[in-house]
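1. just the structure for this:
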Amino acid sequence: MDKLIRNGVVIDGTGKVIEDAVIAIKGDRITAIGPATDFVGIDAKEVIDAQGGYILPGLIDTHVHMMMEIKDVRESLITPFSMRFYEALAYMKRTLDAGITTVRDAGYADLGVKQAIENGLISGPRMQISVNPLTITGGHGDNWMVSDMDLTNKAYPGFPSGICDGPEQVRQKVREMLRAGADIIKVHATGGVMSPTDHPEFTQFSMEELRIIVEEAAYRKGRKVMAHAQGAEGVKQAVRAGIHSIEHGIFLDDEAIELMLEHGTYLVPTLLAPVSVVEASEANESMPAYAVDKAKEVMEIHQQSVARAYEAGVKIAMGTDAGVMAHGTNLRELALMCDIGMSPMEAILASTKIAAECLGWEERIGTIAEGKLADLVIVQDNPLENIASMADTNNIKTVMQGGELKKQLSIHAGIPS
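-> Numbering: from 1, shown residues only. Next up, the predicted model:
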């Protein structure tokens with residue numbers, strides 16, 4: 001046995017709680033889990049004392065932008081292109097320190113970034129990537145300004161442009177993203193809060209185009225499609241086209257919710273996104289006025305829509321849109337999910353088991369079980385009693401990813417051990 005974690009309360013990601021638990025780890029895998037009485041006389045090369053803390057599966061954020069963090073446009077204009085890669089190293093560290101061991105990148109991380117993590121060149125969350133989201137000319141993701149200044153993420157080797165119009169162009173763009181290494185295709189099916197020339201309720205792409213995107217992704221490499229979809233009509237088109245997950249879902253109506261239930265579509269709420277835009281506008285001038293106005297308009301509607309979807313039984317996977325807000329603040333989302341009616345345990349499941357299912361990685365991660373990757377987080381405060389404590393990175397005492405310790409602090413002193 002390589003490692004034993006003792007003296008902790010396990011919240012295993014299935015809804016089960018194990019008091020005074022022990023977890024055995026060999027290499028990058030969990031080999032056994034159970035009450036301490038089952039492990040009498042068993043030792044290991046390394047014993048980690050959880051000191052009465054709470055042990056959870058590594059958390060999963062199904063909607064991040066690892067290669068960006070919103071900044072003042074004036075600063076962006078004078079920042080060299082290559083700086084984004086070096087800045088992302090800090091974003092990745094903050095993400096791991098927050099207890100997020102796996103992410104689904106919803107745009108702008110390329111295959112080289114993912115491989116650098118997999119090959120151990122840099123430390124970061126395990127990633128699924130979409131490379132560059134598909135968007136229509138003048139839609140969400142096209143950051144052309146009326147001054148003729150274009151802030152759209154420019155194409156470079158391994159990172160094709162995502163702008164496409166019409167059936168043949170969208171087919172080609174799906175193929176280009178898959179060629180570039182996309183694990184999932186991301187499409188902007190509606191306008192958005194952060195885009196300069198549209199509104200969240202504007203519908204983008206025709207049904208024909210959306211169906212081609214879904215079919216091409218499935219036919220070519222068996223890939224699924226995630227859709228930025230905020231307006232009700234855009235959500236319904238995306239679900240009918242076979243989209244795997246709806247991101248944001250601000251203006252859901254009863255028909256959209258029924259369709260999601262019928263098709264088994266996941267909802268990734270990102271409740272933190274509009275909240276963070278409004279907060280940033282109050283703290284500094286980093287947010288453009290058009291984004292702040294739209295965020296204020298949709299914030300309450302967004303919460304009501306997600307609450308209705310939850311009450312109806314739509315599958316909800318935790319996602320934040322990190323990059324719109326600071327990386328490392330991801331787990332503020334859990335308290336927001338509880339504010340719309342979820343229990344703390346349900347919020348944890350949305351961030352572990354259900355999130356892993358959304359990624360199609362439920363056999364590898366998402367629960368603490370024999371044979372799964374040893375992605376584990378130890379927290380000091382009981383999240384079932386105080387879910388908001390998860391947002392405090394000082395409360396995240398230990399982070400393990402694939403059996404390797406990425407963070408270890410003393411439970412009681414709160415300083416490096």
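
2. and the chain, what are its domains?
-> Per automatic domain parsing, the domain ranges recorded for the chain read 3-58+367-408, 59-359.

3. in CSV, list the ones you listed along with mean neighbour count.
-> Where you see a C-beta, it was placed from the backbone N, CA and C, and this is true even at glycine. Converted to CSV, these look like this (neighbours: other C-beta atoms under 10 Å):
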stretch, mean neighbour count
domain 3-58+367-408, 19
domain 59-359, 20
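
4. any chance of the ones you listed in TSV, plus mean pLDDT?
-> TSV is the format used below for the domains of the chain (pLDDT from 0 to 100):
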stretch	mean pLDDT
domain 3-58+367-408	96
domain 59-359	93
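
5. can you tell me how far the closest residue to E404 other than its chain neighbours is from G124?
-> Using C-beta to C-beta, 6 or more residues apart in numbering and skipping the chain neighbours, the partner closest in space to E404 is D28 (7.5 Å). Distance, D28 to G124, by C-beta to C-beta, to the nearest Å: 16 Å.

6. can you give me the strands in the stretch 201-350 of the chain?
-> Counting by DSSP state E, counting those that start in this stretch, the segments of the stretch 201-350 of the chain that form strands are 225-229, 245-248, 266-268, 315-316.

7. separation between E19 and Q115?
-> 41 Å.

8. mind checking the longest helix of this structure?
-> helix 289-312 (DSSP state H).

9. out of the strands of the stretch 201-350 of the chain, nearest to Q204?
-> The closest of the strands of the stretch 201-350 of the chain to Q204 is strand 225-229. By C-beta to C-beta, the value is 8.9 Å.

10. next one: the closest one to chain centre, how far?
-> Distance, stretch centre to chain centre, for strand 225-229: 13 Å (C-alpha atoms, centre = their mean, to the nearest Å).

11. that one pairs with which strands, parallel or anti?
-> In the sheet, strand 225-229 lines up against strand 185-188 (parallel), strand 245-248 (parallel) (DSSP bridges).

12. how long is stretch 121-137 end to end?
-> By C-alpha to C-alpha, to the nearest Å, the extent of stretch 121-137 from end to end equals 37 Å.

13. how about stretch 187-204?
-> Distance across stretch 187-204, first residue to last, is 9 Å (C-alpha to C-alpha).

14. follow-up on the earlier one: which strands or helices does the longest helix of the chain pack on?
-> Applying 3 or more C-beta pairs under 8 Å, 6 or more residues apart in numbering; DSSP states H and E, one finds that helix 289-312 makes contact with helix 254-263, helix 272-283, strand 315-316, helix 332-339.

15. in a markdown table, list these along with distance to D110.
-> Converted to a markdown table, these look like this (distance: least, C-beta to C-beta, whole Å):
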| stretch | distance to D110 |
| --- | --- |
| helix 254-263 | 30 |
| helix 272-283 | 23 |
| strand 315-316 | 29 |
| helix 332-339 | 25 |
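
16. contact partners for the closest residue to T265 other than its chain neighbours?
-> Excluding the flanking residues, the one nearest T265 by C-beta to C-beta, 6+ apart is V239, at 5.1 Å. Neighbour list for V239: 246, 256, 259-260, 263, 265 [criterion: C-beta atoms under 8 Å, 6 or more residues apart in numbering].

17. what do you get if the cut-off is 7 Å, keeping everything else the same?
-> Taking C-beta atoms under 7 Å, 6 or more residues apart in numbering, we find V239 in contact with 246, 259-260, 263, 265.

18. close enough to count as contact, A291 and P274?
-> No: A291 lies out of contact with P274 (C-beta atoms under 7 Å); the separation is 9.2 Å.
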